[in-house]
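S.K.: Here is my input; please provide its structure:
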Amino acid sequence: MLIYIFIGAVLLFFLIAGFCVFFDQAILTRKGTIYRVKSKGKRVALTFDDGPSLEWTPKILDELKASNIKATFFLVGYHVQKYPDIARRIVAEGHEVGNHGYAHSVMFYYTPAEIEEEIKYAEHVIREITGVTTKVFRPPKAWLQKGIKEKIKSMGYNIVLWSLNSKDWVMFNHKNIAKYISSNIRNGDILLFHDSGNVTKTEGGKRTQTVKCISLLAKMLREKGYEFVTTEELING
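M.R.: Have a look, this model is predicted:
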């Protein structure tokens with residue numbers, strides 16, 4: 001009996017995962033959302049979601065510095081308030097910061113007014129602590145209602161998703177992550193990683209493999225002639 005329950009649970013997991021992939025892909029190709037920028041040169045943008053994290057963001061920053069990479073961090077306002085020094089370090093070391101909402105709330109069922117309030121409050125928190133006014137926004141889980149994008153763009157934001165997901169939340173070997181990305185990389189790709197997790201007491205899962213992956217990925221992509229840039233640099237050409 002237990003084996004049937006287990007098999008059923010596994011099948012349900014992959015069914016849900018398949019739906020999420022389909023849904024994400026539908027969003028990525030909708031007009032008004034930036035998920036990839038066709039660049040003249042071989043340029044890619046490395047992005048991190050959900051931080052800053054007390055445990056993982058400093059380690060990721062150390063690895064980025066050692067590999068001479070400037071990345072984009074989509075920050076959660078609540079985490080910025082908890083770890084202001086880490087947020088300031090991100091900016092001080094030359095990385096771009098983006099807006100990922102205040103509480104990492106799924107905004108699919110939010111009204112336009114609620115979305116505006118969430119984004120503006122996160123923007124206020126990030127600006128007060130880091131001195132930076134965010135220009136790029138990534139909705140948590142990539143979920144937005146149809147028609148809400150124009151509202152966000154009217155607030156001065158580019159909505160930036162991704163074209164290549166590292167799957168660092170389910171792929172637990174840094175070599176496999178780097179190999180997967182290197183095998184699928186294209187000009188102008190925006191890569192998704194995580195330096196924290198949802199707003200929970202544990203702040204999400206372990207990011208050991210993410211930390212280990214950075215130097216290896218840098219080596220592999222540079223051997224292919226790729227340059228790492230921020231999302232703003234990628235968008236502005």
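
S.K.: Dig out what the residue nearest the centre of the chain forms beta bridges with.
M.R.: With distances taken as C-alpha atoms, centre = their mean, the chain has residue 49 as the residue nearest its mean C-alpha position (3.5 Å). Bridge pairing for residue 49 (DSSP bridges) gives the partners residue 74, residue 194.

S.K.: Please determine how far it is located from residue 147.
M.R.: Residue 49 is 24 Å from residue 147, where distance means C-beta to C-beta, to the nearest Å. Just so you know, the C-beta spots here come from the backbone N, C-alpha and C atoms, and that holds for glycine as well.

S.K.: Check residue 226 too.
M.R.: Distance of residue 226 to residue 147, computed by C-beta to C-beta: 36 Å.

S.K.: which of the two has more neighbours?
M.R.: Set side by side, residue 226 and residue 147 give different neighbour counts by other C-beta atoms under 10 Å, the larger being at residue 226 (21 against 9).

S.K.: Got the phi and psi for the more buried one?
M.R.: Residue 226 adopts backbone torsions of phi -90, psi 150, taken as degrees, to the nearest 10.

S.K.: As a check, name the ranges of all strands in the chain.
M.R.: 43-49, 72-75, 96-99, 136-137, 158-159, 164-165, 190-194, 227-229 (DSSP state E).

S.K.: As JSON lines, those with distance to residue 217 and mean pLDDT would be great.
M.R.: Formatted as JSON lines, the strands of the chain follow (distance: least, C-beta to C-beta, whole Å; pLDDT from 0 to 100):
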{"stretch": "strand 43-49", "distance to residue 217": "8", "mean pLDDT": "98"}
{"stretch": "strand 72-75", "distance to residue 217": "15", "mean pLDDT": "98"}
{"stretch": "strand 96-99", "distance to residue 217": "18", "mean pLDDT": "98"}
{"stretch": "strand 136-137", "distance to residue 217": "22", "mean pLDDT": "96"}
{"stretch": "strand 158-159", "distance to residue 217": "24", "mean pLDDT": "94"}
{"stretch": "strand 164-165", "distance to residue 217": "11", "mean pLDDT": "96"}
{"stretch": "strand 190-194", "distance to residue 217": "8", "mean pLDDT": "97"}
{"stretch": "strand 227-229", "distance to residue 217": "9", "mean pLDDT": "98"}
